[in-house]
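Colleague: Here's a sequence, model it:
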Amino acid sequence: MHLVKVLGFGAQPESGESAEMIAYKAMRGKLIISLIFALPILALSLGEMIPGFGELIKNLFPRAINLYIQLALSLPVVFWSASFVYKKGIESLKTKRLNMFTLLALGTGVAWLFSVVATILPEIFPDSLRTQDGFAPVYFEATVIIIAFVILGQMLELLAHAKTNNAIKELLNLVPTEAVVIRNGQEKKITLSEVIAGDMVRVKPGEKIPVDGSLREGNGVVDESMITGEPLPVEKKLHDKVTGGTININ
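Modeller: Okay, here's the model as predicted:
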């Protein structure tokens with residue numbers, strides 16, 4: 001787990017679905033906060049382009065006030081919602097192992113810092129970069145929207161991981177914890193961890209096959225629907241392969 005963190009990614013001990021869902025809900029909260037502050041920024045920055053609405057924005061919020069409001073609204077998004085992006089980005093730079101978060105942290109961080117300077121000190125920019133009213137361009141709306149999309153992507157990834165892990169756990173639960181093996185001509189019930197290669201395992205009709213193997217005596221019919229999804233049972237002959245977790249019907 002330490003090595004994973006050194007590489008610039010997050011990691012935590014395996015703790016089941018509840019931990020994954022907690023992470024998902026935490027990310028969902030970050031997304032909600034991002035959208036709450038991003039939508040007004042979009043309205044202030046792009047609203048001027050909408051006929052009718054643009055004049056209202058200009059009258060209510062002169063350009064200087066408009067920019068400072070955007071700056072204030074962007075603070076929770078950058079410093080709280082996107083905190084994990086910058087932490088992972090900085091960690092990747094420290095370890096010299098660049099990844100997706102390196103690009104995201106640099107891109108959004110530079111755009112936001114540029115916008116802050118352009119808001120507070122527009123006069124330091126050359127005239128060719130400033131508008132007729134003396135203001136430099138800002139990119140608060142691009143920064144917060146990119147952050148919102150990143151958080152949405154992380155949410156979907158967490159949800160997919162949770163569903164995948166649950167499916168794997170359900171498959172593992174199909175496998176019995178014990179097996180009946182025949183050693184020295186006698187049957188013996190042991191745990192799966194004690195089964196070794198070459199053991200002959202006895203599976204009675206109606207019981208689950210505990211481990212992967214091949215049929216060494218007789219023939220039968222096996223229900224493999226929990227593995228393959230195929231509803232029809234499969235006939236097994238001598239030396240055919242069988243899969244742990246499937247059911248010996250006959």
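Colleague: Output the longest helix belonging to this structure.
Modeller: helix 140-174 (DSSP state H).
Colleague: Tell me which other helices or strands that helix touches.
Modeller: Helix 140-174 sits against helix 17-46, helix 63-76, helix 83-95, helix 100-120, helix 225-228, with contacts defined as 3 or more CB pairs under 8 Å, 6 or more residues apart in numbering; DSSP states H and E. For the C-beta atoms, the positions are set from N, CA and C on the backbone; glycine is no exception.
Colleague: pull the CA atoms of stretch 218-231 into CSV?
Modeller: C-alpha atoms of stretch 218-231 as CSV (Å, rounded to 0.1, in the frame of the first residue of the first chain):
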residue,chain,number,x,y,z
GLY,A,218,-17.3,-41.4,-13.4
ASN,A,219,-19.3,-38.7,-15.2
GLY,A,220,-21.9,-36.2,-14.2
VAL,A,221,-23.9,-33.1,-14.9
VAL,A,222,-22.7,-29.7,-13.6
ASP,A,223,-24.6,-26.4,-13.2
GLU,A,224,-22.2,-23.7,-14.3
SER,A,225,-24.8,-20.9,-14.5
MET,A,226,-23.2,-18.9,-11.7
ILE,A,227,-19.9,-18.7,-13.6
THR,A,228,-20.9,-18.7,-17.3
GLY,A,229,-24.5,-17.4,-17.1
GLU,A,230,-25.6,-20.4,-19.2
PRO,A,231,-28.8,-21.8,-17.7
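Colleague: Show me what that stretch is in contact with.
Modeller: Defining contact as CB atoms under 8 Å, 6 or more residues apart in numbering, one finds that stretch 218-231 is touched by 171, 174, 205, 209, 233-238, 242-243, 245-250.
Colleague: what about the chain, any weak spots by pLDDT?
Modeller: Residue ranges of the chain with pLDDT under 70: 1-18, 174.
Colleague: residue closest to the middle of it?
Modeller: By CA atoms, centre = their mean, the chain has its centre lying nearest to Glu157, at 2.5 Å.
Colleague: and the gap between it and Ala26?
Modeller: 13 Å (CB to CB, to the nearest Å).
Colleague: Could you do Gln132 as well?
Modeller: Relative to Ala26, Gln132 is positioned 45 Å away (CB to CB).
Colleague: Check Ala179 too.
Modeller: For Ala179, the distance to Ala26 - CB to CB - is 41 Å.
Colleague: Mark out where each domain of the chain begins and ends.
Modeller: 19-172, 178-248 (the TED database).
Colleague: Pick the most buried one from these.
Modeller: domain 19-172 (a mean of 16; mean count of other CB atoms under 10 Å).
Colleague: And that one, end to end?
Modeller: The first and last residues of domain 19-172 sit 19 Å apart, counting by CA to CA, to the nearest Å.
Colleague: What about Glu187? Give its phi and psi, please.
Modeller: Per-residue torsions, Glu187: phi -80, psi 140 (degrees, to the nearest 10).
Colleague: Is it correct that it is in contact with Arg202?
Modeller: Yes: Glu187 is in contact with Arg202 according to CB atoms under 8 Å; the separation is 6.2 Å.
Colleague: Residue most distant from the centroid, the chain?
Modeller: Seen from the C-alpha centroid of the chain, the residue lying at the greatest distance (CA atoms, centre = their mean) is Gly185, 51.4 Å away.
Colleague: how near is the residue nearest to Ala23 when sequence neighbours are not counted to Ala105?
Modeller: Nearest non-adjacent residue to Ala23, counting by CB to CB, 6 or more residues apart in numbering: Leu158, 5.4 Å away. Separation of Leu158 from Ala105 (CB to CB): 19 Å.
Colleague: got it, and Glu224?
Modeller: Taking CB to CB, one finds Glu224 at 48 Å from Ala105.
Colleague: swap in Asn173?
Modeller: 40 Å.
Colleague: Mind listing the shared neighbours of Glu187 and Arg202?
Modeller: Residues within reach of Glu187 and of Arg202 at once, by CB under 8 Å, 6+ apart, are 180-181.
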